[in-house]
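Asker: Sequence first, predicted coordinates after that:
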Amino acid sequence: MNVKLFVLAITLIVLFLVIDQIRRQKMTFKYSLAWFFISLVVLFSAVFEKSLYRVAFLAGFKLPSNFIFFLLFVFFILLSLFLTLYINEQNSRSETLAQTVAILEFKLKELENRIKRKIG
Amino acid sequence: MSTQRVLIVVPAYNEGRIIGRVVKEIKKLYPDFDLVVVNDGSGDGTLAEAEAEGAKVISLPYNLGIGGAVQTAFKIARDGNYDATVQIDGDAQHDPTYLMGVLTPVLKGELDLCIGSRFLAAHSVFRSTFARRIGIRFFSFLLSSMTGIHLTDPTSGFRATGKNLIRSFANYYPVDFPEPEAIKIATRLKAKIGEVPVNMRKRLGGISSIRYWNTAYYMIKVTLAILIDTLKTGEKISDER
């Protein structure tokens, strides 16, 4: 099988999946941007492979495949860094929520007791 | 001094066997102060046992860790316009007869953060393990070299906090193993920090939040947190709304 066709097919599948997830409202546009961007880069370099080779040699890579692996590593490192940040954001939000709920519950209980004392 | 409002904070996680006794003891000694138990998502009878002794209980929906629990109490204290909070553990390790000693410097306005040290007491019954004493020494050294303030027991959770610092801590408080880092934050906020002797007893219930392999995480996390806090720009506590 032709490598170029293979790469194109995989990339198009990824792109399709991402668009479909947005359509189903399971992924917001904000978090799909990275996937869009990388898919387009891969599509571009698959179609215009000469430009990929040129950039690889300019960057000092002897083999274009090494350059591709390097780019993949960078992409995944950045992606996991952003995912860690995202998880942290969610954590601190849910912590604040938990505290707020507990405080509300506490104040409600206080209020109930005060009303009970007044009535009873 | 009697007009100042004090909130006694008792963080508790699965202390059902002992919390009733702790609440009873504190209420008997300090009937004029408000007392709140922060039930940190306990799976046992902590809530029921504390309420049975007439304590007010804030129940977190799930376990946040000691820092998250204490911060909840700071938020309550801020909203209720309290002049000081004093934190005393729910496992009966902290001897409540020393509570007034920890609180007084804060009520008098001499300190913003007053820490009860188990190592200042002349005849403390409490004997820490060797490894733990080394750890505490290390944090003492780290904090004093970063801030110039020498404290003998920076990991102690028996501490009183004044009004201005309550507001800062309600906004931000470290999530896990908060004690030494909170001191670093307080120094950055130009708070006055000091220590008084307290007696700590043998743990009657529950388990320390610091044990086994957690120790390594504790040491690394707190050290990094203190070092990274030096990179944060300092504002004064009085500057905050």
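Answerer: Received it, and whenever you're ready, just let me know what you need. Residues are numbered from 1 along each chain as shown, chains lettered A, B, ... in the order given.

Asker: then stretch B:7-20 to CSV, C-alphas only?
Answerer: C-alpha atoms of stretch B:7-20 as CSV (Å, rounded to 0.1, in the frame of the first residue of the first chain):
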residue,chain,number,x,y,z
LEU,B,7,-14.0,30.3,65.8
ILE,B,8,-12.5,27.1,66.9
VAL,B,9,-12.0,24.8,63.9
VAL,B,10,-11.8,21.1,64.3
PRO,B,11,-10.9,19.3,61.0
ALA,B,12,-11.9,15.7,61.2
TYR,B,13,-11.6,12.8,58.8
ASN,B,14,-13.0,9.4,60.0
GLU,B,15,-12.6,10.4,63.6
GLY,B,16,-16.0,9.0,64.7
ARG,B,17,-14.5,7.0,67.6
ILE,B,18,-12.9,10.1,69.2
ILE,B,19,-14.6,13.3,67.9
GLY,B,20,-17.4,13.2,70.4
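
Asker: Just checking the distance from it to the centre of its chain.
Answerer: 13 Å (C-alpha atoms, centre = their mean, to the nearest Å).

Asker: That stretch: which residues count as buried?
Answerer: Residues B:7-20 are the ones in stretch B:7-20 that count as buried (16 or more other C-beta atoms under 10 Å in any protein chain shown). All C-beta atoms are positioned from the backbone trio N, CA, C, and that covers glycine.

Asker: now, which of those lie within helices?
Answerer: Judged by DSSP state H, the subset of these located in helices is B:Ile19, B:Gly20.

Asker: Let's have the buried residues of stretch B:7-20 in TSV, adding pLDDT.
Answerer: Converted to TSV, the buried residues of stretch B:7-20 look like this (pLDDT from 0 to 100):
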residue	pLDDT
B:Leu7	97
B:Ile8	97
B:Val9	97
B:Val10	96
B:Pro11	96
B:Ala12	95
B:Tyr13	94
B:Asn14	93
B:Glu15	92
B:Gly16	92
B:Arg17	91
B:Ile18	92
B:Ile19	94
B:Gly20	94
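
Asker: Give me the three-state assignment for the most centrally placed residue in chain B.
Answerer: The centroid of chain B falls nearest to B:Gly157 when counting by C-alpha atoms, centre = their mean (3.4 Å). The three-state assignment at B:Gly157 reads coil, by DSSP: H, G, I helix; E, B strand; the rest coil.

Asker: how near is it to A:Phe6?
Answerer: B:Gly157 sits 60 Å away from A:Phe6, going by C-beta to C-beta, to the nearest Å.

Asker: Could you tell me which residues of chain A lie near chain B?
Answerer: Residues of chain A lying close to chain B (C-beta under 8 Å from any C-beta of the partner chain) are A:Glu95, A:Ala98, A:Gln99, A:Val101, A:Ala102, A:Ile103, A:Glu105, A:Phe106, A:Lys109, A:Glu110.

Asker: On the C-terminal side of the least confident helix or strand in chain A by mean pLDDT, identify the next helix or strand.
Answerer: The least trusted helix or strand in chain A, going by mean pLDDT, DSSP states H and E, turns out to be helix A:29-47, with a mean of 85. Per DSSP states H and E, the first helix or strand lying C-terminal to helix A:29-47 is helix A:49-58.

Asker: Outside of that following helix itself, list whatever touches it.
Answerer: Residues from elsewhere that reach helix A:49-58 (C-beta atoms under 8 Å, 6 or more residues apart in numbering or on different chains): A:Lys4, A:Phe44, A:Ser45, A:Leu63, A:Pro64, A:Asn66, A:Phe67, A:Ile68.

Asker: avg pLDDT for it?
Answerer: In this model, helix A:49-58 carries a mean pLDDT of 89.

Asker: Repeat that for stretch B:228-235.
Answerer: Mean predicted confidence for stretch B:228-235 is 79.

Asker: what's the distance between it and the middle of its chain?
Answerer: For stretch B:228-235 - counting by C-alpha atoms, centre = their mean - the centre lies 22 Å from the chain centre.

Asker: quick one: which of the residues of chain A next to chain B sit in helices?
Answerer: Per DSSP H, the residues of chain A next to chain B map to helices at A:Glu95, A:Ala98, A:Gln99, A:Val101, A:Ala102, A:Ile103, A:Glu105, A:Phe106, A:Lys109, A:Glu110.

Asker: Can I get these in TSV including neighbour count, pLDDT and distance to B:Ile220?
Answerer: Shown next, in TSV, are those (neighbours: other C-beta atoms under 10 Å in any protein chain shown; pLDDT from 0 to 100; distance: C-beta to C-beta, whole Å):
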residue	neighbour count	pLDDT	distance to B:Ile220
A:Glu95	19	95	21
A:Ala98	18	96	26
A:Gln99	24	96	26
A:Val101	13	97	32
A:Ala102	26	96	30
A:Ile103	17	96	32
A:Glu105	15	95	35
A:Phe106	18	95	35
A:Lys109	15	93	40
A:Glu110	11	91	41
